[in-house]
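Curious how this folds, go ahead:
(4 chains)
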Amino acid sequence: MSIIPAPISRFFHKTASPPHFYALADKLIPWLTVLFLLLLIPGLYGGLVMAPADYQQGDSYRIIYIHVPAAWMSLFIYVLMAIMGGIALVWRIKLAEVMLISSAPIGAGFTFIALVTGSLWGKPMWGTWWVWDARLTSELILLFLYLGVTSLYGAIEDKRDAARAVSILALVGVVNIPIIHYSVEWWNTLHQGPTVSKMDKPSIHISMLIPLLLMAVAFKVYYAIAVLQAAKLQLLKREASAQWVKSLLEKPQ
Amino acid sequence: MSLTQAVWAIIRRDLLLAFRRRAEMANPLLFFVMVVTLFPLAVGAQANLLQAMAPGVIWVSALLAALLSLDGLFRSDFEDGSLEQLLLSPHPLSVLILGKIFSHWLVTGLPLLLVAPLLALFLGLPEKAMPTLWLTLILATPMLSLIGAIGVALTVGLRRGGMILSLLVLPLYIPVLIFASSAVDRATSGLPVTAQINILMAMLLLALVLTPLPTAAALKMSVN
Amino acid sequence: MSLENFFAMGGYAFYVWTSYGLTLVVLVFNLLSPVVQRKQLLRQLALKQKREQP
Amino acid sequence: MEEAIQSGLEITDLSCSRDDRTLFSGLSFTVHPGQVLLLEGSNGSGKTTVLRTLCGFREADAGEIRWAGQSIKESSFFADMAYVGHADGIKKELTVLENLRFGLALSRPGHYSIEQALKKVQLAGYDDNLVQTLSAGQKRRLSLARLLIIHSILWILDEPFTSLDKQGIELIETLIDAHVNQGGMVILTSHHDLSLPYTRLQRIHLNSCH
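Numbers count the residues shown, from 1 in each chain, chains lettered A, B, ... in the order given. Here you go, the predicted model:
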């Protein structure tokens, strides 16, 4: 902690204090919602209406606008969880624990979306619902990793211990993700040949790319909103008998 | 006493305990053989089909047997308070744990090497693949113990840790499964396996360095 | 481009709209379930507080 | 014993909670060499938690634990203390001797040899018996024999008198007395009242805060 200059460290501790964060989340959520809609609406319009159909895949490729951002989010959130876990273990900041566990269901949700949309996209392309394609397989394993986190947190009664356990698990998981990813890619090329996966690189045109990027940022903002909502709940659960919760209850809602 | 002496004492004690509980210790090994026996019964006994599946079948069974044996790693120490004493020792916990993992591997991983020829016989694995099968078992079973130790350390305090343990540990076993079974698979058709073996060795070194720390941290959390 | 064409998605309507629909369901669920749970929790805590200090 | 330990163990403002319940808060006490601290309180008042916090198994929410004037992480605290909890850390598949040798291997040797220690806890001659053949009281005495053979200045004992008969209790009291006479320290919880000279004995009553 001593490496960080005092004013910055003070700023972090103030922001990370539960009552302060709770109030901050309340202030941020409306703005983030506006930003989300400003990104989502043009993103969807651009993706579903403006962008031309793919010359090979027709309109089915439009699933890309949720499949790919969701797949990105699923990895992004896991890495974020591991960073939170590291912070929680080293500096014992309760907020980091809360953010970690609040992120898990959202990340699992995105992983699930990536899997289901991948399968729905694969059906017209490959003729079957499931192909052991590298990305889908990695995504499936990632879903197991997420489920491991949530079920471990649920199984340990003392929530402080549970948060510690989950932090360790997230860090172990994040070290393994590149290894798993690499091994699955390697396995995939070994067993199937590279022709299957048209899904990774559809011939991307600029009018297709812009909505994709808009959607990717929109999903990130969605995550920010959802994680703040979930963190508010978790903070209340963890701090139910703290003074700031009591004064919160006395305020007229 | 010195750290080396402490680690040796742990290894000696765990081996002695395993010897006194030998009936219990044989269970994962029997399980391994039985799972392998189930496959011909389920998919049919065509020689070429079994031979093609052999590397995968052997490795999936080894993974499941390892998973089954993991519970014994810390459970009894947790229940009788030995784990608390281990934590209080002035020596670094992560090194002491390595001793425990090593003896666990001697008791559960190494015997797999002995039954491997039997399984090769059951599944019609060509003899020329045997050295590779052994080599992958030697390199990969310690990894199963090392990685599994993190999972057990996280769940040892739970009354029903078993289900969660498999959910935590199996995804982490996937790279081991991929490279080990692919090495055996290539060896059956006489192809070189250096790449796979090198990767397995690298992963083993990585696991040796990286797993004791989270295991120690998780044990501290569990004893809490 | 007519609305009909838009909904038909070049014959891939089922795949495209199921994908978008499911995504919507998951995202809305993950956003609303903590809000609902928090409202419940706040109500419980308020009741408890009233009981303890009348 | 060592000079450095003169100031003993100092606890200031320790507090601990589990889930949402405060187990204890603002707990302060000092144990000097030659003193025994008896923690009293009803079931669930957090006696065991205090001991486990001292052992570093639990993290305190607030407060400080100092050993020989330093925070316990920087001091030789863990090399100077020994703990016997509810679970006595004894393997029932091993013999008495094997158990003690293992205990010794994890730590530094103390005042007594294994032989002397077994004599002191009246288990002489049981060396090669498997622990599972011993009675509950004998097992307890064996777990306390470990305290004698390893280097330990501070003993932390959680209910050391359970499953001991009258002679057993007297025996342990004699051991505690002897340890304290040599400048050692003991912190223990017990339902049983100690018959030690009043000057040596400090009592702390934990009343649960609900």
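
Up against chain D, what does chain B have?
B:1, B:5-6, B:8-10, B:13, B:16-17, B:20-21, B:76, B:79-82, B:84-91, B:96, B:220, B:223-224 (CB under 8 Å from any CB of the partner chain). All C-beta spots, glycine's among them, are computed from the backbone N, C-alpha and C.

Emit the PyMOL select command for whichever of these are buried.
The buried residues among those can be selected in PyMOL (16 or more other CB atoms under 10 Å in any protein chain shown) with this line:
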select buried, chain B and resi 6+9+10+13+16+17+20+76+80+81+82+84+85+86+87+88+89+90+91+96+220+223+224
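
so which of the residues of chain B next to chain D also contact chain A?
Answer for the residues of chain B next to chain D near chain A (CB under 8 Å from any CB): B:N224.

can you pull out the helices in chain D?
Per DSSP state H, chain D carries helices over the ranges D:47-54, D:77-80, D:96-105, D:114-120, D:136-149, D:166-181.

can I get these in JSON lines with distance to chain A?
Formatted as JSON lines, the helices of chain D follow (distance: least, CB to the nearest CB, whole Å):
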{"stretch": "helix D:47-54", "distance to chain A": "12"}
{"stretch": "helix D:77-80", "distance to chain A": "20"}
{"stretch": "helix D:96-105", "distance to chain A": "27"}
{"stretch": "helix D:114-120", "distance to chain A": "36"}
{"stretch": "helix D:136-149", "distance to chain A": "26"}
{"stretch": "helix D:166-181", "distance to chain A": "32"}
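
To chain C, which of those helices lies closest?
With CB to the nearest CB as the measure, helix D:47-54 is the member of the helices of chain D nearest chain C (24.6 Å).

I'd like a version of the helices of chain D in a markdown table, one that adds mean neighbour count and distance to chain C as further columns.
What follows is these, written out as a markdown table (neighbours: other CB atoms under 10 Å in any protein chain shown; distance: least, CB to the nearest CB, whole Å):
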| stretch | mean neighbour count | distance to chain C |
| --- | --- | --- |
| helix D:47-54 | 22 | 25 |
| helix D:77-80 | 20 | 40 |
| helix D:96-105 | 22 | 48 |
| helix D:114-120 | 18 | 54 |
| helix D:136-149 | 22 | 43 |
| helix D:166-181 | 16 | 43 |
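
so who does the closest residue to B:I174 other than its chain neighbours touch?
Closest residue in space to B:I174, ignoring its immediate chain neighbours: A:I180 at 5.6 Å, by CB to CB, 6 or more residues apart in numbering or on different chains. For A:I180, the contacting residues are A:S138, A:I141, B:P171, B:L172, B:I174, B:P175, by CB atoms under 8 Å, 6 or more residues apart in numbering or on different chains.

Out of the helices of chain D, which is closest to B:T215?
Nearest of these to B:T215, taken as CB to CB: helix D:77-80 at 19.2 Å.

how about the closest one, does it reach chain B?
Yes - on the criterion CB under 8 Å from any CB, helix D:77-80 is in touch with chain B at D:F78, D:A79.

what does that helix rub up against?
With CB under 8 Å, 6+ apart, helix D:77-80 has contacts from B:88-90, D:5, D:56, D:67-68, D:72, D:107-108, D:151-154.

In chain A, where is pLDDT below threshold?
Scanning chain A with the threshold set as pLDDT under 70 gives A:1-5, A:9, A:191-204, A:252-253.

Tell me the residues of it that contact chain D?
A:E157, A:D158, A:K159, A:A240, A:S241.

Spatially, and excluding backbone neighbours, which residue is closest to the third one.
Excluding the flanking residues, the one nearest A:K159 by CB to CB, 6+ apart is A:R238, at 6.1 Å.

so what's the one you found up against?
Neighbouring residues of A:R238 by CB under 8 Å, 6+ apart: A:P18, A:K94, A:V98, A:K159.

can you do 7 Å?
A:K94, A:V98, A:K159 (CB atoms under 7 Å, 6 or more residues apart in numbering or on different chains).

Report how many residues lie close to the first one.
Here the neighbour count serves as a burial measure; for A:K94 (other CB atoms under 10 Å in any protein chain shown) it reads 18.

Please narrow the residues of chain B next to chain D to those residing in helices.
Using DSSP H, the residues of chain B next to chain D in helices are B:5-6, B:8-10, B:13, B:16-17, B:20, B:76, B:79-80, B:82, B:84-88, B:96, B:220, B:223.

Tell me how far C:F7 lies from C:A13.
6 Å (CB to CB, to the nearest Å).

what does A:S102 give?
Distance from A:S102 to C:A13, by CB to CB: 36 Å.

likewise B:N27?
B:N27 is 55 Å from C:A13, by CB to CB.
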